[in-house]
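Asker: Okay, sequence plus prediction incoming.
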Protein chains: 2
Amino acid sequence: MLKFAILGFLNYQSLSGYDLKRQLQASTAHFWHAGLNQVYMTLKNLESDGLVISELQEQEKRPDKRIYTITENGSAELQTWLAEPVTQVEPGKSTLLLKLFFARPAGKAAILAQLQVQLAAHQRQAREYTGTMPVEAREMLASQPELGDDSILWGIVRDFGARYEAMMIAWLEESLRTIETHFPEDV
Amino acid sequence: MLKFAILGFLNYQSLSGYDLKRQLQASTAHFWHAGLNQVYMTLKNLESDGLVISELQEQEKRPDKRIYTITENGSAELQTWLAEPVTQVEPGKSTLLLKLFFARPAGKAAILAQLQVQLAAHQRQAREYTGTMPVEAREMLASQPELGDDSILWGIVRDFGARYEAMMIAWLEESLRTIETHFPEDV
DNA sequence: CTCCACATGTAACCGGTTACATGATTTT
DNA sequence: AAAATCATGTAACCGGTTACATGTGGAG
């Protein structure tokens, strides 16, 4: 599916693999990660499928860049994908929940430690949503004011992140209290 | 990681692949899915690694079952995994958020439809958490009362599910309102 | 008579992760 | 002098999905 994330960004503007990775990092990292190598590979596949084209841009003082541009076929494929309904309630994968579910043999101290680490991490994460939009998004909006409608959607996705982190923190705090008061001490 | 889910369940009691799948379905489906075939395959791998052993149990009127039992090595491997700290804030993958992020070209009607389908699905899902513990869990608790401590953890995981669905519903409702009032009509 | 639950597997494929490989420029 | 940023790739591996393959007994 990274394929579509990339087509989505290239639909806004032409970018190099490296810049694409930056965009992903700034905008979609919390709901869609990707390694740099994977970005390059996917771009290559997209090019051989004729959904994007690339041209080499020479740079002084910097390595050359390969700039990718979406084709009409690519744009069409993106449209098709956007129109498809999403699977009803996507089955998630959470290592944390899985581990917690079976965690009893690990002992009270280990469980509390695990949850505290998570709490700290999510409190940090939550702070990211208290500020303003990421620079990448603001820059894109400034240079392409016709993206105003898109930014409504970006805001909604961002709001999900904020709510998710708030929920996570509340749940972790409550869970810590539950374990502390109800779970038996390690022997 | 399905490997550990299976070891976790076999650590409670010996089970066949088919029954294992049932347990997964009933307890961990919303944070860890698995196809039947994958369960069988993983069991096979676990056996060749010496983490579980199996014996064939003949049945009248039913196909024979292969019952798997965790070994000491298997138990040790589970312990090790449980003790390992979870990666800080696991990077999630959400097709819904990805699609929504880039959804502008799909148009207002399509976006609203998408969100409404999701809302209905999550309202259904949320109802699952209003009732009591699944039968599988209650049966296991009744037959093995020493699992009382485990059930605290099961409750915490279950609570996550409830909070997640509540958050999802609130977010979807708010998003629907936002789109309706701020997103331009299709031409 | 048809569909569902029980019961177990194999094989091809595919998306994504990790490791390997290289190299200049700028910042600390 | 070391570390981070810019910049692009290849190859092995691995967990998981989809499709294929088979067969009985009970319920509607």
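Answerer: Nice, I can see it. What you see is a predicted model, and the numbers here were worked out from it, not measured in a lab. Numbers count the residues shown, from 1 in each chain, chains lettered A, B, ... in the order given.
Asker: For the rest of this, base every contact and every neighbour count on C-alpha atoms.
Answerer: OK.
Asker: What residues does chain A have near DNA strand C?
Answerer: Residues of chain A that fall close to DNA strand C, judged by Cα under 7 Å from any atom of the strand: A:1-3, A:33-35, A:37-38, A:61-63.
Asker: make it 6 Å
Answerer: A:1-2, A:34-35, A:37-38, A:61-63 (Cα under 6 Å from any atom of the strand).
Asker: most neighbours, which of those residues?
Answerer: A:Leu2 (17 neighbours; other Cα atoms under 10 Å in any protein chain shown).
Asker: isn't that residue right up against A:Thr42?
Answerer: Yes - using Cα atoms under 8 Å, A:Leu2 makes contact with A:Thr42 at a distance of 7.5 Å.
Asker: and the host helix or strand of A:Thr181, what other elements does it pack with?
Answerer: Per DSSP states H and E, A:Thr181 falls inside helix A:148-182. Using 3 or more Cα pairs under 8 Å, 6 or more residues apart in numbering or on different chains; DSSP states H and E as the contact criterion, the elements in contact with helix A:148-182 are helix A:108-127, helix B:95-101, helix B:148-182.
Asker: Do any residues in the helix or strand following the first one lie close to chain B?
Answerer: From helix A:108-127 onward toward the C-terminus, using DSSP H and E, the following helix or strand is helix A:135-143. No - counting by Cα under 8 Å from any Cα of the partner chain, chain B has no neighbours in helix A:135-143; the shortest distance is 12.0 Å.
Asker: Spatially central residue in chain A, please.
Answerer: A:Ala29 (2.4 Å; Cα atoms, centre = their mean).
Asker: mind listing what's buried in the lowest-mean-pLDDT helix or strand in chain A?
Answerer: Every helix and strand in chain A was compared by mean pLDDT, DSSP states H and E; the lowest is helix A:135-143, with a mean of 83. For helix A:135-143, burial by neighbour count (16 or more other Cα atoms under 10 Å in any protein chain shown) applies to no residue.
Asker: Specify the angle between it and helix A:148-182 in degrees.
Answerer: Interaxial angle, helix A:135-143 versus helix A:148-182 (axes from the mean of the first three to the mean of the last three Cα atoms, to 10 degrees): 160 degrees.
Asker: Confirm that A:Glu185 sits in a helix.
Answerer: No - secondary structure of A:Glu185, determined by DSSP: H, G, I helix; E, B strand; the rest coil: coil, with no helix assignment.
Asker: Once you drop chain neighbours, what's closest to it?
Answerer: Once flanking residues are discounted, A:Glu185 sits nearest to A:Lys108: 6.1 Å by Cα to Cα, 6 or more residues apart in numbering or on different chains.
Asker: So what's the residue count around that neighbour?
Answerer: 18.
Asker: List the residues that contact it.
Answerer: A:179, A:183-186 (Cα atoms under 8 Å, 6 or more residues apart in numbering or on different chains).
Asker: Quick check: the gap between A:Ala76 and DNA strand C.
Answerer: In this view, A:Ala76 and DNA strand C are 17 Å apart by Cα to the nearest atom of the strand, to the nearest Å.
Asker: Would you quantify the distance from that residue to A:Val52?
Answerer: A:Ala76 sits at a distance of 11 Å from A:Val52 (criterion: Cα to Cα, to the nearest Å).
Asker: now do A:Ala166
Answerer: The value you get for A:Ala166 to A:Val52, if Cα to Cα is used, is 39 Å.
Asker: In terms of neighbours, single out the busier of the two.
Answerer: Set A:Ala166 next to A:Val52 and count neighbours by other Cα under 10 Å: A:Val52 wins out with 24 against 17.
Asker: quick revisit: out of the helices and strands packed on helix A:148-182, the one nearest A:Leu147 is which?
Answerer: Between A:Leu147 and the helices and strands packed on helix A:148-182, the tightest spacing by Cα to Cα is seen for helix B:95-101, at 12.1 Å.
Asker: got the contact list for the closest one?
Answerer: A:1, A:5, A:28, A:31-32, A:82, A:86, A:90, A:150, A:153-154, A:157, B:111.
Asker: ditto for stretch A:59-72
Answerer: By Cα under 8 Å, 6+ apart, the surrounding residues in contact with stretch A:59-72 are A:7, A:10-11, A:13-17, A:43, A:50-58.
Asker: Please apply the same query to stretch A:31-50.
Answerer: Against stretch A:31-50 from outside (Cα under 8 Å, 6+ apart): A:2-3, A:6, A:17-18, A:20-21, A:24-25, A:52-54, A:68, A:71, A:73-74, B:91-94, B:97-98.
Asker: repeat for stretch A:166-184
Answerer: With contacts defined as Cα under 8 Å, 6+ apart, stretch A:166-184 is touched by A:108, A:112, A:115-116, A:118-119, A:122-123, A:126, B:149, B:152, B:156, B:159-160, B:163-164, B:167.
Asker: again, but for stretch A:109-125
Answerer: A:100, A:103, A:165, A:168-169, A:172-173, A:176, A:179-180, A:186, B:83, B:85-86, B:88-89.
Asker: Same question for that stretch: list its buried residues.
Answerer: Within stretch A:109-125, the residues scored as buried using 16+ other Cα under 10 Å are A:110-112, A:114-115, A:118-119, A:121-122, A:125.
Asker: what do you get for stretch A:154-173?
Answerer: So stretch A:154-173, judged by 16+ other Cα under 10 Å, has buried residues A:154, A:156-169, A:171-172.
Asker: same deal with stretch A:25-33?
Answerer: Under the neighbour-count criterion of 16+ other Cα under 10 Å, stretch A:25-33 has A:25, A:27-33 buried.
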